[in-house]
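Novice: Give me the fold of what follows.
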Amino acid sequence: MSLELLARAPVGLLPVLIFLVILVYMDSYKLVTLRSVLAVIVMGGLTAIAAMVVNGALLNVFDISFQSFARYLAPWVEEIFKASVIVYLFRSNRIGFLVDSAIMGFAVGAGFALVENLQYLQMQSSASFAVWVVRGFGTAIMHGGVAAIFAIMSQALTERQMKINPLYYLPGLIVAVFLHSVFNHFLVAPVLQTVGTLVILPFLLQLVFQKSSQALHEWLELDFDADADLIAMIESGHFTESKIGEFLDDLREKFEGPIVVDMLCYLRVYTELAIRAKAALIARENGLELPVGERTREKFEELRYLENSIGKTGCLAMKPFLQIERKDLWQMHVIDRQGTRAKTKSQSGR
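Specialist: Now for the predicted structure:
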């Protein structure tokens with residue numbers, strides 16, 4: 001590899017990573033960990049390899065020029081692969097808010113762009129410096145940007161849904177494919193298009209971060225008070241005329257007494273953990289990090305025991321009352337992950 005090529009390579013590879021680092025730094029709540037971001041970058045790189053294989057096969061099937069393929073078919077293939085990673089993150093409760101969506105979506109696109117540009121580096125080693133400027137500051141940022149837009153739109157459409165209809169993902173996918181296709185048309189000079197991408201995308205993501213931060217702050221305040229009131233009501237035992245009482249009366253007709261008692265215990269433990277998760281986020285907003293203690297880890301073990309005792313049918317019966325949203329499952333995933341990490345450190349230190 002020539003020195004000239006070594007000088008050009010960072011221009012094609014580093015800008016998208018620097019952009020991603022800035023996004024992570026902008027997240028005041030630090031909702032995603034560096035380890036998660038790195039894992040998603042790797043997953044994005046794997047989707048690039050898969051897309052290359054599929055694109056190569058499709059080029060042999062369809063009798064069209066490479067330019068037409070790049071404009072109309074390749075965007076569908078590539079955005080579907082990138083979207084599959086983001087959908088997995090949604091379904092496994094790794095994403096809870098728009099900030100998470102923007103960062104994780106861009107991370108998928110960054111991984112995709114890195115692998116694609118590495119391949120281009122091998123195949124087009126003689127490409128001019130201007131080409132690498134366009135690929136590094138334009139094409140790579142575009143891959144991250146459209147994946148982030150898909151994630152943001154999907155989050156906005158599905159955040160209150162437990163059983164997500166695949167159709168909710170379609171608008172974001174169509175927009176991502178459309179923007180990708182428009183970029184590949186190069187309607188203006190490539191350098192101007194690159195400049196436009198660098199101007200518009202940060203502005204849009206900044207708006208998303210501001211809106212998400214405000215929404216997260218409001219959600220923490222409202223849900224924290226509601227959870228605290230629920231715990232106080234359960235501990236007082238005076239909930240006969242409340243929604244909890246109506247809920248328990250309905251369950252007594254369908255489940256045995258011991259199961260109903262376990263359901264009430266489950267409701268209490270779940271709400272206590274939800275309060276703990278929200279307290280951790282509020283502390284993080286103010287620059288503090290609350291440690292996960294042994295008591296919290298014990299509550300997770302109790303929660304899992306109660307889930308097994310209640311059974312799948314009982315857990316499904318509780319969801320309408322709990323009004324569980326993906327944000328709630330996400331916060332439980334965050335606190336559970338912290339507890340597991342703290343337990344691992346404690347064991348390794350013995």
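
Novice: Mark out where each domain of this structure begins and ends.
Specialist: Under the assignment automatic domain parsing, the domains of the chain span 3-211, 237-348.

Novice: what's the most buried one of those?
Specialist: domain 3-211 (a mean of 18; mean count of other CB atoms under 10 Å). C-beta here means a position set from N, CA and C on the backbone, and glycine is covered the same way.

Novice: any idea of the mean pLDDT in it?
Specialist: Averaged over domain 3-211, pLDDT sits at 89.

Novice: Equivalent analysis for stretch 254-267, please.
Specialist: 82.

Novice: Please apply the same query to stretch 279-295.
Specialist: Here stretch 279-295 scores 72 as its mean pLDDT.

Novice: about what we covered before: CSV please, covering the domains of the chain and showing distance to residue 231.
Specialist: Below are those laid out as CSV (distance: least, CB to CB, whole Å):
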stretch, distance to residue 231
domain 3-211, 22
domain 237-348, 6
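
Novice: gap between residue 80 and residue 108?
Specialist: Using CB to CB, to the nearest Å, residue 80 is found at 12 Å from residue 108.

Novice: In terms of helices and strands, where is the closest residue to residue 138 other than its chain neighbours?
Specialist: The shortest distance from residue 138 to any residue other than its chain neighbours is 3.4 Å, reached at residue 194 (CB to CB, 6 or more residues apart in numbering). Taking DSSP states H and E as the criterion, the element that holds residue 194 is helix 190-236.

Novice: Dump the strand or helix carrying residue 183 to PDB, restricted to CA.
Specialist: Residue 183 is part of helix 170-185 when elements are defined by DSSP H and E. These are the backbone C-alpha positions of helix 170-185, laid out as PDB (Å, rounded to 0.1, in the frame of the first residue of the first chain):
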ATOM      1  CA  LEU A 170     -42.300   0.600   6.300                       C
ATOM      2  CA  PRO A 171     -42.600   4.500   6.300                       C
ATOM      3  CA  GLY A 172     -39.000   4.800   7.700                       C
ATOM      4  CA  LEU A 173     -37.700   2.200   5.300                       C
ATOM      5  CA  ILE A 174     -39.300   4.000   2.300                       C
ATOM      6  CA  VAL A 175     -37.800   7.400   3.400                       C
ATOM      7  CA  ALA A 176     -34.400   5.800   3.900                       C
ATOM      8  CA  VAL A 177     -34.400   4.100   0.500                       C
ATOM      9  CA  PHE A 178     -35.600   7.300  -1.200                       C
ATOM     10  CA  LEU A 179     -32.900   9.500   0.400                       C
ATOM     11  CA  HIS A 180     -30.300   6.900  -0.500                       C
ATOM     12  CA  SER A 181     -31.500   6.700  -4.100                       C
ATOM     13  CA  VAL A 182     -31.500  10.500  -4.400                       C
ATOM     14  CA  PHE A 183     -28.000  10.700  -3.100                       C
ATOM     15  CA  ASN A 184     -26.800   8.100  -5.600                       C
ATOM     16  CA  HIS A 185     -28.400  10.100  -8.500                       C
END
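
Novice: For that helix, name the packing helices and strands.
Specialist: helix 74-91, helix 140-158 (3 or more CB pairs under 8 Å, 6 or more residues apart in numbering; DSSP states H and E).

Novice: angle of the helix or strand following the first one against helix 170-185?
Specialist: I take that to be helix 74-91. Scanning forward in sequence from helix 74-91, with DSSP H and E defining helices and strands, the next element found is helix 98-123. On the basis of axes from the mean of the first three to the mean of the last three CA atoms, to 10 degrees, helix 98-123 is oriented at 30 degrees to helix 170-185.

Novice: who touches the following helix or strand past helix 98-123?
Specialist: Proceeding C-terminally, helix 98-123 gives way to helix 129-134 as the next helix or strand, assigned by DSSP H and E. If you take CB atoms under 8 Å, 6 or more residues apart in numbering as the criterion, helix 129-134 is touched by 8, 9, 11, 12, 124, 190, 191, 193, 194.

Novice: Please compute how far helix 129-134 lies from its chain's middle.
Specialist: Centre-to-centre, helix 129-134 and its host chain are 31 Å apart (CA atoms, centre = their mean, to the nearest Å).

Novice: then it to PDB, C-alphas only?
Specialist: Taking Å, rounded to 0.1, in the frame of the first residue of the first chain, the C-alpha atoms of helix 129-134 are listed here in PDB:
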ATOM      1  CA  PHE A 129      -8.300  12.600  -3.200                       C
ATOM      2  CA  ALA A 130     -11.600  14.300  -4.200                       C
ATOM      3  CA  VAL A 131     -13.300  10.900  -4.500                       C
ATOM      4  CA  TRP A 132     -12.200  10.000  -1.000                       C
ATOM      5  CA  VAL A 133     -13.500  13.300   0.300                       C
ATOM      6  CA  VAL A 134     -16.900  12.500  -1.200                       C
END
